[in-house]
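Output the structure for:
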Amino acid sequence: MAENGSVPFWWIVAFVLLALGAGIGAVYLVGGSIFTALPGLLL
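Down below sits the predicted model:
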């Protein structure tokens with residue numbers, strides 16, 4: 001589907017999902033105080 005030399009779209013989607021999962025996991029590990037500030041950073 002993707003041409004040689006370009007990054008496949010599914011690879012980018014998988015990386016973004018991994019980054020979001022790691023971020024959510026870090027939030028749950030640190031505590032709920034950051035969870036209240038996270039929407040402000042994203043929005």
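
For the chain, just list every one of the strands.
Counting by DSSP state E, the chain has no strands at all.

Quick one: low-confidence residue ranges for it.
Flagging of the chain using pLDDT under 70 yields the residue ranges 1-4, 31-43.

so where's the longest helix in it?
In terms of residue count, the longest helix belonging to the chain (DSSP state H) is helix 9-30.

Could I get the buried residue list for that helix?
Of all the residues in helix 9-30, those buried under the rule 16 or more other Cβ atoms under 10 Å are Val27. Glycine gets a C-beta too; all of them are placed from N, C-alpha and C.

how much space between Val30 and Gly23?
Taking Cβ to Cβ, to the nearest Å as the measure, Val30 falls 11 Å from Gly23.

can you check Phe15 too?
Counting by Cβ to Cβ, the separation of Phe15 from Gly23 is 13 Å.

ditto for Val7
21 Å.
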